[in-house]
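K.L.:
Here is my input; please provide its structure:
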Amino acid sequence: MSQNTAQQQPSTQLAIPPRMRTAEGEPRLVGIEIEFGGLTLEQTAILLVDQLKATLSNGSDYEATISGDPAGDWRVELDFELLKDFGRRNQDEADTEPSLQSLINNGIEQLLKLMAEPLVPVEIVSPPLPFARLPEVQSLITALREAGALGTGENPVFAFGLQLNPQPPALDARTLLSHFKAYLCLADWLRQRANVDLTRRLTLFAEPFPKAYVRQVIAPDYWPDQSAFIDDYLSANPTRNRELDLLPLFAHLDPERVKRRVADSRVKARPTFHYRLPNSEIDQPDWGLHTAWNDWVEVERLAEDPERLSAIRGAYLERLSQLLGGRLNPKLDDWAQETAQWLTPTRDH
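P.N.:
Next up is the predicted model:
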């Protein structure tokens with residue numbers, strides 16, 4: 001390969017966030033969730049055991065646990081809760097005489113499995129990993145691609161994503177709000193970068209935040225305490241279907257306050273943001289963790305730069321006011337393009 005050709009290759013280098021440690025001085029962590037097709041759960045579990053030099057400690061037809069990683073257990077599962085429930089019951093009844101009801105259930109299970117397997121993704125869920133281990137996830141993605149994993153663009157009915165669960169650098173309200181304000185200001189640009197495919201958009205899995213709520217949060221005097229921040233969020237967003245889902249974080253900080261407003265067993269309390277926007281395009285050779293991670297790091301860099309955050313926040317607030325007043329045609333608005341002037345100067349846009 002010539003030097004010029006090599007220089008034209010897109011960089012797969014992982015960007016470095018401004019704060020690598022928490023306020024307590026511990027390395028920050030991030031959980032990764034990757035969905036894909038093309039491989040069975042068993043094939044994926046075997047590949048993961050080999051990559052991690054770990055062991056398969058528990059498994060059913062629909063989920064498996066990989067143990068031995070010092071960061072914690074990895075999970076591989078079919079992303080279909082009903083099938084996983086069937087699998088757990090089969091394990092419980094493994095040593096008993098099958099009843100008529102269990103035989104009927106088994107028939108239903110096999111029918112569901114036959115219908116669901118071509119559409120339901122296999123999902124890998126990592127434990128919280130130190131940022132320094134993210135290159136290992138890059139290598140894992142490459143191994144999955146070489147083994148035949150397929151991304152969301154391979155079939156019009158696929159709706160596969162990659163989700164990041166980064167631990168905030170601190171849990172005080174001001175730090176969380178700075179990151180949230182930065183996210184809201186960059187959301188149009190992130191959405192354009194993610195190029196979310198039609199099938200995933202139709203599932204309404206990760207809707208944008210309501211514009212009225214965005215205006216409230218990015219207002220210069222909006223710095224509520226934690227309780228008021230959570231209450232405002234729950235009033236405008238009593239759902240996990242947001243691009244940046246804060247319900248797991250709020251359920252960790254104040255579980256009773258969240259339970260009073262949201263009755264959804266899928267909300268799992270953990271001290272992390274839940275960034276749900278990126279596609280999984282794992283079969284594409286230039287796609288990897290860097291695609292979503294480096295965009296997320298732009299949010300963190302903006303959050304940690306008060307002058308830059310204030311400038312983009314003011315400009316975006318003015319833009320939203322123009323839209324609200326009918327002085328701007330929403331179809332001609334291109335905030336995503338304008339956002340580029342507030343990104344990290346050295347970034348390749």
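
K.L.:
show me where this protein has helices.
P.N.:
3-8, 41-52, 81-92, 100-116, 134-147, 173-194, 198-202, 211-218, 226-236, 247-253, 255-259, 289-303, 306-324, 335-338 (DSSP state H).

K.L.:
Name the surrounding residues that touch the last one.
P.N.:
Put plainly, it is helix 335-338. Applying C-beta atoms under 8 Å, 6 or more residues apart in numbering, the contact partners of helix 335-338 are 188-189, 191-192, 315-316, 319. Every C-beta, even on glycine, is put in place using the N, C-alpha and C of the backbone.

K.L.:
quick one: low-confidence ranges for the stretch 101-250 of the chain?
P.N.:
101-119, 156-157, 198-205 (pLDDT under 70).

K.L.:
mind running it again at 50?
P.N.:
Along the stretch 101-250 of the chain, the model assigns pLDDT under 50 to no residue.

K.L.:
Run through the bridge partners of the closest residue to residue 275 other than its chain neighbours.
P.N.:
Leaving out its chain neighbours, the residue that sits closest to residue 275 by C-beta to C-beta, 6 or more residues apart in numbering is residue 164, at 4.4 Å. Following DSSP bridges, residue 164 is listed with bridge partners residue 32, residue 275.

K.L.:
mind listing what residue 164 touches?
P.N.:
So residue 164 contacts 30-32, 273, 275, 278, 292-293, 296 (C-beta under 8 Å, 6+ apart).

K.L.:
10 Å instead?
P.N.:
30-33, 244, 272-278, 289, 292-293, 295-296 (C-beta atoms under 10 Å, 6 or more residues apart in numbering).

K.L.:
same deal with residue 58?
P.N.:
64-67, 73, 75, 91.

K.L.:
ok, the closest residue to residue 239 other than its chain neighbours - how many residues close by?
P.N.:
Using C-beta to C-beta, 6+ apart and skipping residues adjacent in sequence, the residue nearest residue 239 is residue 262, 7.4 Å away. Counted with other C-beta atoms under 10 Å, residues neighbouring residue 262 total 17.

K.L.:
coming back round to it: list only those of the contacts of helix 335-338 flagged as buried.
P.N.:
Buried members of these, counted by 16 or more other C-beta atoms under 10 Å: 188-189, 191, 315-316.

K.L.:
Next, give me the two most distant ones among the residues you listed.
P.N.:
Spatially, the most separated pair among the buried ones among the contacts of helix 335-338 is 191 and 315, at 17.8 Å (C-beta to C-beta).

K.L.:
number of nearby residues for residue 216?
P.N.:
Neighbour number of residue 216 under other C-beta under 10 Å is 15.

K.L.:
ok, residue 14 touching residue 294?
P.N.:
Yes - look at residue 14 against residue 294 with C-beta atoms under 10 Å: they come within range, at 6.9 Å.

K.L.:
measure residue 25 to residue 170 for me?
P.N.:
11 Å (C-beta to C-beta, to the nearest Å).

K.L.:
Sorry, wrong one. I was asking about residue 285.
P.N.:
On the measure of C-beta to C-beta, residue 285 and residue 170 end up 38 Å apart.

K.L.:
Same drill for those two, tell me which one is more crowded.
P.N.:
Taking neighbours as other C-beta under 10 Å, residue 285 and residue 170 compare with residue 170 leading, 15 against 9.

K.L.:
Number of residues surrounding the closest residue to the more buried one other than its chain neighbours?
P.N.:
Of all residues not flanking residue 170 in the chain, residue 23 sits nearest, at 4.0 Å (C-beta to C-beta, 6+ apart). By other C-beta under 10 Å, 12 other residues sit near residue 23.

K.L.:
Contact partners for residue 23?
P.N.:
The contact partners of residue 23, by C-beta under 10 Å, 6+ apart, come to 168-172, 175.

K.L.:
tell me, how many neighbours does residue 18 end up with?
P.N.:
For residue 18, using other C-beta under 10 Å, the count is 12.

K.L.:
Not counting sequence-adjacent ones, nearest residue to it?
P.N.:
residue 304 is the one closest to residue 18 (C-beta to C-beta, 6+ apart), at 4.3 Å.

K.L.:
Next up, the contacts around the one you found.
P.N.:
Residue 304 touches 17-19, 169, 175, 178-179, 182, counting by C-beta under 10 Å, 6+ apart.
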